[in-house]
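Undergrad: Generate coordinates for the sequence data below:
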Amino acid sequence: MSLFPIFATTGSGLKANRMWMDAIADNIANMNTIKPFDQPAFQAKYLTLQSVRGDANDPVGVGGGVEVVGTELGSADGNLRYDPTNPMANAEGMVRSPDIDLSDQMTQLIQAQRSYQLNLTVIDRARESYQQAIAIAAR
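TA: Below you'll find the predicted structure:
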């Protein structure tokens, strides 16, 4: 049992959000990756999260946070397009690109950033509360 379970809970949220932002950044960085027609397209990464049960000794209502339990991959089929000038094109001029939507990835990135900021705010408020409690007890 943690002395301050809120820090462990929000810390797990910070870690999950950082991993989420890393996956999104990887997806955006590879969205223009072209593969030969006979190879699978880059597959976008999507994290799977699960809530973590708090200890039986933790205060009521305080969970254990979240953890990343897996990664799901997007479609390997990707999008086929005609680009005969591309060196990766097949005899018919077709290339394969990832099936990644930039607007969807940017929306997810904003959500992950906001969630990260909110977890940092919770940590800051908890720290202030604990400092005030210590100051009151010292009087």
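Undergrad: Going by C-alpha atoms from here, please, whenever you check contacts or count neighbours.
TA: Will do.
Undergrad: Show me where this structure has its strands.
TA: Using DSSP state E, the strands assigned to the chain run over residues 45-51, 66-73, 79-82, 94-97.
Undergrad: List the pairing partners of the longest one within its sheet, with orientation.
TA: The reference is to strand 66-73. In the sheet, strand 66-73 lines up against strand 45-51 (antiparallel) (DSSP bridges).
Undergrad: buried sites along the partner strand?
TA: Within strand 45-51, the residues that count as buried by 16 or more other Cα atoms under 10 Å are K45, L47.
Undergrad: Off-centre distance for it?
TA: Taking Cα atoms, centre = their mean, to the nearest Å, one finds the center of strand 45-51 at 8 Å from the center of the full chain.
Undergrad: Grab the most central residue of the protein for me.
TA: W20 (0.9 Å; Cα atoms, centre = their mean).
Undergrad: Verify the contact between S97 and Y82 for me.
TA: No - using Cα atoms under 8 Å, S97 is not in contact with Y82; the gap is 10.7 Å.
Undergrad: other SSEs contacting the lengthiest helix in the chain?
TA: With secondary structure taken from DSSP state H, the chain has its longest helix at helix 102-138. Helix 102-138 makes packing contacts with helix 5-29 when contacts are defined by 3 or more Cα pairs under 8 Å, 6 or more residues apart in numbering; DSSP states H and E.
Undergrad: just the angle between the helix it packs on and strand 66-73, please?
TA: With axes from the mean of the first three to the mean of the last three Cα atoms, to 10 degrees defining the directions, helix 5-29 sits at 20 degrees from strand 66-73.
Undergrad: Okay, buried residues for stretch 22-42 please.
TA: Those would be 23-25, 27-28, 30-31, 34-37, 40-42, for stretch 22-42 by 16+ other Cα under 10 Å.
Undergrad: Take those residues and lay them out in a markdown table including distance to T10 and pLDDT.
TA: Rendered in a markdown table, the data for these read as follows (distance: Cα to Cα, whole Å; pLDDT from 0 to 100):
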| residue | distance to T10 | pLDDT |
| --- | --- | --- |
| A23 | 20 | 96 |
| I24 | 21 | 97 |
| A25 | 22 | 96 |
| N27 | 26 | 96 |
| I28 | 27 | 96 |
| N30 | 30 | 94 |
| M31 | 31 | 92 |
| I34 | 39 | 89 |
| K35 | 40 | 84 |
| P36 | 43 | 82 |
| F37 | 44 | 80 |
| P40 | 38 | 91 |
| A41 | 36 | 91 |
| F42 | 32 | 93 |
